[in-house]
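Q: Return a 3D structure for these sequence lines:
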Amino acid sequence: MARKTPRILLVDDDPAEVELTQEAFRQCGLQAHFFIALDGHEARALLAREGAFAAVPPPDFIIIDLELRGLSGRDLLTFIKRDERLRRIPVVVVASSDRQQDIQACYDLFANTYIVKPPEWERFLERIRGLEQYWFHTATLPG
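A: Okay, here's the model as predicted:
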């Protein structure tokens with residue numbers, strides 16, 4: 001059975017970080033359709049399929065930056081995991097924080113994975129390769 005092209009919602013308020021993350025996935029060879037939300041409110045509207053996002057299909061996978069303007073990454077994670085239509089979508093938090101209270105808070109909110117983003121490109125690429133390998137080749141995603 002052929003794999004469908006995954007739809008990934010990437011939520012980050014820094015356009016440079018968005019581009020780096022997309023480039024890392026490209027270097028891993030993952031063909032994906034990215035939906036980009038530059039803040040938590042935009043991501044929430046997209047996920048709720050409100051207004052201009054009414055025709056946007058739900059993502060298969062979500063990557064959230066922890067520190068977002070407006071609606072925080074934690075608040076967005078809470079919204080996703082409380083919604084029975086969204087809660088099965090894997091959510092990965094990619095954050096610069098390695099503070100245990102941030103990590104534990106995200107897992108308490110049912111994040112599927114928490115990745116501390118290293119400052120070096122090669123180490124970041126290594127983490128994205130591991131993420132891509134597990135979630136898109138090893139795990140079976142819903143839908």
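
Q: Now do whatever helix or strand Ala16 lives in: everything it contacts.
A: Counting by DSSP states H and E, the element that carries Ala16 is helix 15-27. Helix 15-27 is contacted from outside by 8, 10, 12, 32, 34, 36, 38, 63, 65, 94, 121, 124-125, 128-129, 132, using Cβ atoms under 8 Å, 6 or more residues apart in numbering. Any C-beta I mention is one placed from the backbone N, CA and C, and that applies to glycine too.

Q: for stretch 38-56, same thing?
A: In contact with stretch 38-56 (Cβ under 8 Å, 6+ apart) are residues 9, 11-13, 15, 18, 35, 37, 58-59, 64, 68-73, 75-76, 79-80, 83, 86.

Q: out of these, which are buried?
A: By neighbour count, with 16 or more other Cβ atoms under 10 Å, the contacts of stretch 38-56 hold 9, 11-13, 18, 35, 37, 59, 64, 68, 71-73, 76, 79-80, 86 as buried.

Q: now the most centrally placed residue in the chain, which residues is it bridged with?
A: Closest to where the C-alpha atoms of the chain average out (Cα atoms, centre = their mean) is Ile63, at 0.8 Å. Per DSSP bridges, the residues bridged to Ile63 are Leu10, Val92.

Q: so how far is Gly51 from it?
A: 23 Å (Cβ to Cβ, to the nearest Å).

Q: pLDDT at Ala55, what is it?
A: On pLDDT, Ala55 comes in at 94.

Q: tell me the secondary structure for it?
A: coil (DSSP: H, G, I helix; E, B strand; the rest coil).

Q: Could you report the neighbour count for it?
A: Counted with other Cβ atoms under 10 Å, the neighbours of Ala55 add up to 6.
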